[in-house]
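Asks: turn this into a model:
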Amino acid sequence: MSYQVLARKYRPKSFETLVGQEHVVRALTHALEQKRLHHAYLFTGTRGVGKTTLSRILAKCLNCIGPDGQGDITAHPCGVCDACVAIDAGRFVDYIEMDAASNRGVDDMAQLLEQAVYAPSNARFKVYMIDEVHMLSNQAFNSMLKTLEEPPEHVKFILATTDPQKIPVTVLSRCLQFNLKQMPPGQIVGHLENILGQEHIEFEVPALRLLAQGAHGSMRDALSLTDQAIAYAAGRVTLDAVQGMLGALDQSFLVRLLDALATDDGAALLAVADDMAARSLSYNAALQDLGSLLHRVALAQSVPAALPEDLPEREHILRLAQAFEPEEVQLYYQIAVHGRNELGLAPDEYAGFTMTLLRMLAFRPGTMPQEQAPPQKPAAAAAAPARAAPIAQAASMAPAAPPVRQAAAVLDAAPARTTVPAEPVAAAKAPPRPAAISPARAALEAARNMKRGSAPAAAMPAAVPAPVAAPAPQPQPSSSSSSSSSDMPPPWDDIPVFDEYQEPAQKKTEPVRAEAPPPAPVPEPEPARPPVAVPELGWDGDWPTLASALPVRGVVHQLAQQSELLDCVQEGNTFLFKLRVPIETLCSAASLEKLTAALQERFGRPARVQTEIGAARQTANARAVAEREARQQQAEQTMHSDPFIQTLMREFGATIVPGSIKPV
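Replies: Numbering: from 1, shown residues only. You can find the predicted model right below:
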């Protein structure tokens, strides 16, 4: 006797043995028990989910006569009567299976419909099962519409398709449609365990799970792969044999990749890629499996109960879930998915795979340029005098002027969008002034200074950035300083305002934009707090520099960057760092614990972090913003003072596109 494949040998013969389609079984069972039978059924779904099997079971339910020959329509066919045995054997006269892929013409359909008018020869119903019905031609569909809508009482139609979108709506409206689902991997594994147990074949559960993943929801494909695995492994289904048969990637390679990412070890990443190349493994499959592994890591972080208990790499997944932040896992997953799509565009698969890994290493959440360079305290200390040098030079070149005008000139030379200075700029305090100066007013002020004999205001930018929101008002230092500054008139009162500028008659006149009304004056910022030096730690108290150099990532990095050191006191052998944080969500228990561990590692002494919520000004983030704005201001001044640019603007009417100047 020839061997019968598992997919045919273990084909379900009743609703009770059907796996994974409970919603269809429930509806058909109730309809059969209540004798509420439709004349046309449409089963849709991907390959190997049970469409043909369901049609045969339904045909047996309609024609079963029971062991005694007196049975009626039932939801539980006996399986031993002539009708049940003949349908299972494929030789029942009144059950006609037709392949629409090879019989798709109107003549084939006409021949079938001509036979439908005759009563069944030895059955209760004549059942027509048309497989892949979407392959029929339009003429064939049109020819069956009338019979499909009002068939003879003894005729039942069962249509099956994998592509219901290609079926005309006139046919869909005449059928009772059931959508069959793909098989979940868990149900496929359970069914394979049952079958291999009946076959007395040894197996490993991880191997069955790998077969279920390779089947992609098709039970027939899973049984076919199992047949192949039994032959490949000589009667024993093992994980190594299935991996070799399917060409699947060993999960240990992926675990090594994530371990290397967790330790920022680029050499280890390339070593894993070289090992995969030596074994001729598929990089496309590797990125696919890496995405699946990252998905399980994300599940372990957010919904641990959703992680299956029988995963062979469960311990590694739980360990990696602790090693990565959630935002890192999400980023790595996105890079892996996009890297797989771009693999065909790479020079070769090795280059595309390694570039995807290096991209994961380069674009880590929370990484800033300050972390890549070693901390340099002298350079950081010299940053404030360097920023103040242009201001002091502009003040020294100007002649003696009233204190109010001199303070206004200092404010004009400073970056316009810096709301809170990182370092003290000048000893003299400036009175309130508008947040921005229009270009026309800036030009008039420059001309006025030149007429008085002062140095040209080359530092005045031609295009001042848009004003930003003013900081919260701070208490005045003293009543005397406030009163003295309030008695003096604002520096812009004596500047005439012209709505337009008239050029000579022989030149074309161009209107000048009307300037907007001056915004509310910006209050004087709070004086900078001096650093809190801690001689016991050998530290000068420069918290922004220390925060930029701490080896932390993600939310902890943002906590260090956006916090301000209020005080650092010694309590016994422990040093208490009092920080002011602007956002309460940054002060989670886990973030504070990681920041404390980083401080203890930095100083080698026990430490504790205490936070309070409030406006933080002397932070590493504020210092970085001030430095970027200073570089931007310097770049704009350089461009506007360039002789070649001025010639283009004067001779050809050229303009500089706002926002196009970037510092290098």
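Asks: separation between K662 and L357?
Replies: Per CB to CB, to the nearest Å, K662 is found 31 Å from L357. For glycine as for every other residue, the C-beta is placed from the backbone atoms N, C-alpha and C.
Asks: neighbour count for these two, which is higher?
Replies: L357 (24 against 9; other CB atoms under 10 Å).
Asks: and for the more buried one, nearest residue in space, chain neighbours not counted?
Replies: L269 (4.7 Å; CB to CB, 6 or more residues apart in numbering).
Asks: in the stretch 201-350 of the chain, which spans are helices?
Replies: Assigned by DSSP state H, counting those that start in this stretch, the helices in the stretch 201-350 of the chain fall at 205-215, 219-232, 239-246, 251-262, 266-278, 283-302, 314-323, 326-341, 349-362.
Asks: mean pLDDT lowest for which of these?
Replies: Of all the helices of the stretch 201-350 of the chain, the minimum mean pLDDT falls on helix 239-246 (a mean of 84).
Asks: just the buried positions in stretch 567-585, please.
Replies: For stretch 567-585, a neighbour-count test (16 or more other CB atoms under 10 Å) marks 568, 575, 577-581 as buried.
Asks: and the contacts of whatever helix or strand R602 lives in?
Replies: For R602, the host element (DSSP states H and E) is helix 589-603. If you take CB atoms under 8 Å, 6 or more residues apart in numbering as the criterion, helix 589-603 is touched by 537, 539, 546, 550-552, 555-556, 559-560, 575, 577, 606-609, 611.
Asks: can you tell me which of those end up in helices?
Replies: Among the contacts of helix 589-603, the members falling in helices are 546, 555-556, 559-560 (criterion: DSSP state H).
Asks: got any ranges where this protein has weak pLDDT?
Replies: The model of the chain has pLDDT under 70 over residues 1, 366-529.
Asks: so what are the structural domains in it, by residue number?
Replies: 6-179, 185-246, 251-365, 535-618 (automatic domain parsing).
Asks: now distance to A630 too, for the ones you listed, in a markdown table please.
Replies: Shown next, in a markdown table, are the domains of the chain (distance: least, CB to CB, whole Å):
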| stretch | distance to A630 |
| --- | --- |
| domain 6-179 | 61 |
| domain 185-246 | 56 |
| domain 251-365 | 27 |
| domain 535-618 | 15 |
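Asks: nearest to M639, of those?
Replies: Comparison of those against M639 by CB to CB identifies domain 535-618 as nearest, at 29.6 Å.
Asks: ends of that closest one, how far apart?
Replies: Domain 535-618 stretches 21 Å from its first residue to its last (CA to CA, to the nearest Å).
Asks: dump the residue contacts of the closest residue to A268 other than its chain neighbours.
Replies: Distances taken as CB to CB, 6+ apart put A260 closest to A268, at 3.7 Å, once the chain neighbours are dropped. Listed by CB under 8 Å, 6+ apart, the contact partners of A260 are 266, 268-269, 272.
Asks: for the residues you listed, which one is nearest R623?
Replies: Nearest to R623, judged by CB to CB, of the contacts of A260 is G266 at 30.0 Å.
Asks: how close does H23 sit to K594?
Replies: 48 Å.
Asks: pick out whichever of the two has more residues nearby.
Replies: The neighbour count for H23 versus K594, taken as other CB under 10 Å, is higher for K594 (20 against 12).
Asks: against L559, how distant is the more buried one?
Replies: 9 Å.
Asks: ok, R174 next?
Replies: According to CB to CB, R174 stands 65 Å off from L559.
Asks: the more surrounded of the two?
Replies: L559 (25 against 21).
Asks: find the nearest non-adjacent residue to the more buried one, please.
Replies: Counting by CB to CB, 6+ apart, the nearest residue to L559 once its immediate chain neighbours are dropped is L586, at 4.5 Å.
Asks: how about the helices of the stretch 201-350 of the chain, which one is nearest R8?
Replies: helix 219-232 (8.9 Å).
Asks: let's see that closest one as CSV, backbone CA atoms only.
Replies: Extracted in CSV, the C-alpha atoms of helix 219-232 (Å, rounded to 0.1, in the frame of the first residue of the first chain):
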residue,chain,number,x,y,z
MET,A,219,-2.5,23.9,8.2
ARG,A,220,-1.9,22.0,5.0
ASP,A,221,1.5,23.7,4.6
ALA,A,222,2.3,22.8,8.2
LEU,A,223,1.5,19.2,7.6
SER,A,224,3.5,19.2,4.3
LEU,A,225,6.5,20.7,6.1
THR,A,226,6.2,18.1,8.8
ASP,A,227,6.3,15.3,6.2
GLN,A,228,9.4,16.9,4.8
ALA,A,229,11.0,17.2,8.2
ILE,A,230,10.3,13.6,9.0
ALA,A,231,12.0,12.5,5.9
TYR,A,232,14.9,15.0,6.4
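Asks: flag every buried residue along that helix.
Replies: The neighbour-count check on helix 219-232 (16+ other CB under 10 Å) flags 219-226, 229-230 as buried.
Asks: and the residues you listed as CSV, adding distance to T170?
Replies: Below are those laid out as CSV (distance: CB to CB, whole Å):
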residue, distance to T170
M219, 32
R220, 31
D221, 33
A222, 36
L223, 37
S224, 37
L225, 39
T226, 42
A229, 45
I230, 47
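Asks: using a markdown table, lay out the helices of the stretch 201-350 of the chain together with distance to V106.
Replies: Compiled in a markdown table, the helices of the stretch 201-350 of the chain are given as follows (distance: least, CB to CB, whole Å):
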| stretch | distance to V106 |
| --- | --- |
| helix 205-215 | 37 |
| helix 219-232 | 31 |
| helix 239-246 | 44 |
| helix 251-262 | 54 |
| helix 266-278 | 55 |
| helix 283-302 | 44 |
| helix 314-323 | 57 |
| helix 326-341 | 43 |
| helix 349-362 | 49 |
